[in-house]
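>>> sharing a model prediction with you, sequence too.
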Amino acid sequence: MRRTRSAKIVATLGPSTSDEQTIRALFERGVDVFRLNFSHGTQSDHAQRLATIRALEKEFGRPIGVLLDLQGPKLRLGTFEGGRTQLDAGARLRLDMDKRPGDGRRAPLLHPEIFAALQIGTELLLDDGKLRLRVEKHGPDFAETTVLVGGPISDRKGVNVPSVLLPISPLTAKDRDDLAFGLGLGVDWVALSFVQRPEDIEEARALIGTRAWIMAKLEKPAAIEHLDGIVALSDGIMVARGDLGVELPPEQVPELQRLIVRACRKGGKPVVVATQMLESMIASPVPTRAEVSDVATAIYDGVDAVMLSAESASGKYPLEAVAMMDRIVARVEADPSYRSGIDATHAAAEATTADAVCASLRNVAGLLSPAATVTYTSSGFTSLRAARERPAVPVLSLTPAIATARRMAMVWGVHAVLVDDVHDVAEMIDCACRSARDEGFAKPGDDVVVVAGLPFGQSGTTNLLHVARIAR
């Protein structure tokens with residue numbers, strides 16, 4: 001099975017998509033990577049879904065990616081007398097470490113790390129930004145605030161501190177347990193929530209090592225201030241627009257989305273746009289025109305993947321949502337202006353051997369119009385560099401490592417195939433031609449452009465480009 005589009009589709013599994021038949025149907029309709037959201041469900045639930053995915057992978061003979069999405073820290077208020085209260089604009093509200101239920105004058109906030117980072121004038125957002133407070137006075141265990149935007153508030157609503165770098169690890173005790181569990185199952189990607197700075201990626205890397213690739217979720221304004229460093233240390237980036245839209249004015253989110261996408265394309269790192277892409281399809285069999293345009297805009301920008309969250313996890317129409325996203329992507333990529341836009345935003349090559357080879361690949365593909373680009377890679381580095389060029393022909397990624405093949409399911413334009421080890425260039429060229437023919441990318445007489453790194457098995461050594469013709 002091969003996709004005829006370049007951008008990939010990530011779908012979240014949940015109550016609406018737990019059984020084998022539905023997961024199969026999602027894959028057949030276009031899902032390339034399945035997301036296991038550890039904010040919901042049990043470890044047993046996720047293990048069962050992963051087993052179903054691996055069985056599908058074996059049946060169809062196509063690597064399928066699995067993304068473990070960690071919950072991350074959840075900053076919340078405590079409880080209120082009667083379960084809720086009303087906060088009026090202009091009123092004073094004290095936040096403190098007292099566990100007793102709050103009222104209209106005080107509320108429990110059992111997060112000393114928030115109090116440690118506050119300054120006079122800092123604004124706090126409650127309940128996804130519906131209410132807004134300003135800090136007037138603070139100490140290590142309290143804050144006196146003024147209600148700027150009031151409204152009803154109930155137990156355990158979320159708290160956001162958009163303008164402050166919080167002294168908090170992105171990995172909670174629950175996350176560490178879930179991470180160990182997921183790595184034991186063999187997930188391919190780990191989405192790290194609450195990333196604020198490059199050091200957060202280093203902390204996760206120390207636990208994960210090479211067992212999975214790390215996808216940093218950019219949902220905090222502080223992360224944007226450290227964008228280049230986070231992109232450099234991560235294996236991929238997720239534009240988590242929901243939380244960004246809470247902590248920043250909504251009108252800034254499209255600008256930041258484009259900024260992040262360009263930074264990732266420049267760095268050759270896969271980038272996923274997520275949250276509310278086809279939100280209305282949670283309850284409707286068709287999306288709004290604005291949602292269709294939203295998905296299309298991301299594809300025109302050259303993202304590697306677009307993601308469905310509640311649409312596929314808990315919505316009424318998960319199959320229709322995947323099919324719709326597949327059609328939108330295919331339609332955009334068939335638009336002649338898509339290629340001109342991709343070329344116009346292409347990042348310049350750096351002065352490295354790998355970039356020189358892959359830039360040449362792009363030129364050769366443009367001049368010769370080969371049937372496919374074929375990369376031979378163990379680590380995935382060569383395929384990532386080839387995909388960074390956004391060539392006009394598919395990237396057939398040959399690898400002897402199943403983990404690499406699965407990770408490539410997230411990457412723009414890459415069709416991964418598991419092959420045996422090769423021992424010399426002649427054997428590699430033969431393997432490339434045979435695979436391009438067998439996978440339906442080329443026929444006898446077609447050219448393919450082969451890119452690899454020598455010596456084989458050594459990461460980051462992309463240094464060979466060869467044009468081969470499929471034997472008649």
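Received it, and whenever you're ready, just let me know what you need. All values reported here derive from a predicted model rather than from experimental measurement.
>>> for this structure, give me the ranges with low pLDDT.
Applying pLDDT under 70 to the chain flags no residue at all.
>>> which residue is nearest the centroid of it?
In the chain, the C-alpha nearest the mean C-alpha coordinate belongs to Met238, at 3.5 Å (CA atoms, centre = their mean).
>>> how about that one, what does it touch?
By CB atoms under 8 Å, 6 or more residues apart in numbering, the residues touching Met238 are Ala191, Met215, Ala216, Lys217, Leu218, Val271, Val272, Val273, Ala274, Met307. C-betas here are computed from N, CA, C, even on glycine.
>>> wait, the third one touches Ser193, no?
The one in question is Ala216. No: judged on CB atoms under 8 Å, Ala216 makes no contact with Ser193 at a distance of 9.1 Å.
>>> more neighbours, those two?
Ala216 (28 against 24; other CB atoms under 10 Å).
>>> what's near enough to touch the more buried one?
Contacts of Ala216 (CB under 8 Å, 6+ apart): Leu192, Val195, Asp200, Ile201, Ala223, Ile230, Val231, Ser234, Gly236, Ile237, Met238.
>>> got the contacts of Met238 as CSV, with secondary structure columns?
Output for the contacts of Met238, formatted as CSV (DSSP: H, G, I helix; E, B strand; the rest coil):
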residue, secondary structure
Ala191, strand
Met215, strand
Ala216, strand
Lys217, strand
Leu218, strand
Val271, strand
Val272, strand
Val273, strand
Ala274, strand
Met307, strand
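>>> in PyMOL, how would I select the buried members of those?
Applied in PyMOL, the following selects the buried portion of the contacts of Met238 according to 16 or more other CB atoms under 10 Å:
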select buried, resi 191+215+216+217+218+271+272+273+274+307
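>>> which one of the contacts of Met238 is nearest to Phe38?
Ala191 (9.3 Å; CB to CB).
>>> excluding sequence neighbours, find me the nearest residue to that closest one.
Nearest non-adjacent residue to Ala191, counting by CB to CB, 6 or more residues apart in numbering: Asp69, 4.1 Å away.
>>> mind listing the residues bridging to that neighbour?
Beta-bridge partners for Asp69, by DSSP bridges, are Asn37, Ala191.
>>> one step back: make CSV from the contacts of Met238 and add distance to Ile342 to it.
Listed next are those as CSV, based on distance: CB to CB, whole Å:
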residue, distance to Ile342
Ala191, 26
Met215, 22
Ala216, 24
Lys217, 25
Leu218, 22
Val271, 14
Val272, 17
Val273, 15
Ala274, 21
Met307, 20
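>>> which member of the contacts of Met238 is positioned nearest Val135?
Nearest to Val135 among the contacts of Met238: Leu218, at 25.4 Å, using CB to CB.
>>> my read: that closest one touches Ile237, true?
Yes: look at Leu218 against Ile237 with CB under 8 Å: they come within range, at 6.2 Å.
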